[in-house]
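Undergrad: Just a sequence and a predicted model for now, questions to come.
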Amino acid sequence: MTTTDPRPLFVRALDQTQHLINNTGADDLTKPTPCPEYDVRTLQGHLLSVIARISLALTGGDPLSLPKVTDSEDTASTWKEHRTALDATLADDSILGRMCKLPFGTLPGAAAIGAYTGELTTHSWDLAKATGRVDQLDDELANSVLPMVRQFLPAEPRGGEIPFGPVVAVADDASPYDRLAGWQGRRP
C-alpha cells in the first residue's frame, strides 16, 4: 500500500476524463475506440459506470451491482452529478483505510483509488485517441500511473479472468500514453 495520498493524482485523472467527456461532440459518438467492444458512446457510458462504481466502492457498496455501461442522454451532465457525489466522498480521509470491494478483489480505499486512477487514465487515452485529441492528455499523469499499472497488472497471464490483451511492444522513447496503452494490450 502506498504511503502517499492517492487522491490528488486521482482528481487529475477525473479532471482529464471530465474535460474529454465535456468536449466530445455528437458527431464523435459512433467512432470506434481502441477498446474493440466500445464505440465512443458506449465508452462514455462505461465511464459513467466507472465513476459511479468508484463512489459506491468507497462508501462500502458493491460496485458489481451497477451495470458495466450506463446509458445517458446527456453524458456530461450525468458525469457531473456523479463527480459531485464522488468529490464529497473523497473529502473524507477515512476512506483511505476503509476496505473496499472491487470487481477484482477487496482492497483498502487508497489502493482502490490507485486502481481506478489507472482505469480512468487509460480510458481517457481511449477516448482521446478515438476523437483525435491525444494532444489534450496530461503526460505526467500517464508517467505516474504506468508504474502502478505495471505492478498490479502482470504481463502474463492475459485474457479470461484478466480482461486485457497481450502487452503490445512500443519503442522505449514512446509517449507515456503509448507505453501505458501498450501495457494494457492496446495498439497505440
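TA: Right, received. Where do you want to start?

Undergrad: Please name every helix or strand in contact with the strand or helix carrying Ser77.
TA: Using DSSP states H and E, Ser77 sits within helix 75-90. Applying 3 or more CB pairs under 8 Å, 6 or more residues apart in numbering; DSSP states H and E, we find helix 75-90 packed against helix 7-22, helix 40-58. All C-beta spots, glycine's among them, are computed from the backbone N, C-alpha and C.

Undergrad: List the contacts of that helix.
TA: 7, 10-11, 14, 17-18, 21-22, 24, 44-45, 47-48, 51-52, 54-55, 58-59, 70, 72, 95 (CB atoms under 8 Å, 6 or more residues apart in numbering).

Undergrad: does Tyr177 really touch Asp139, like I thought?
TA: Yes. Counting by CB atoms under 8 Å, Tyr177 touches Asp139, with 7.0 Å between them.

Undergrad: Does Lys101 fall in a helix, a strand, or a coil region?
TA: Following DSSP: H, G, I helix; E, B strand; the rest coil, Lys101 is assigned to strand.

Undergrad: Let me see the contact set for the residue sitting nearest the centre point of the chain.
TA: In the chain, the residue lying closest to the centroid (CA atoms, centre = their mean) is Leu120, at 1.7 Å. Neighbouring residues of Leu120 by CB under 8 Å, 6+ apart: 10, 13-14, 16-17, 47, 50.

Undergrad: swap in Val167?
TA: 155, 158, 182-183, 185.

Undergrad: redo that, cut-off 10 Å
TA: Residues counted as contacts of Val167 (CB atoms under 10 Å, 6 or more residues apart in numbering) are 150, 153-156, 158, 182-186.

Undergrad: ditto for Ser94
TA: 58, 109.

Undergrad: so what's it scoring on pLDDT?
TA: If you check Ser94, the pLDDT there is 95.

Undergrad: 2 is where my numbering starts, stick with that
TA: Shifting the count to begin at 2 puts that one at Ser95.

Undergrad: OK, contacts around the nearest residue to Gly166 once chain neighbours are set aside?
TA: Distances taken as CB to CB, 6 or more residues apart in numbering place Gly186 nearest to Gly166, at 3.1 Å, with adjacent residues excluded. Remark: with contacts taken as CB under 10 Å, 6+ apart, Gly186 is in contact with 35, 154, 159-160, 163-169.
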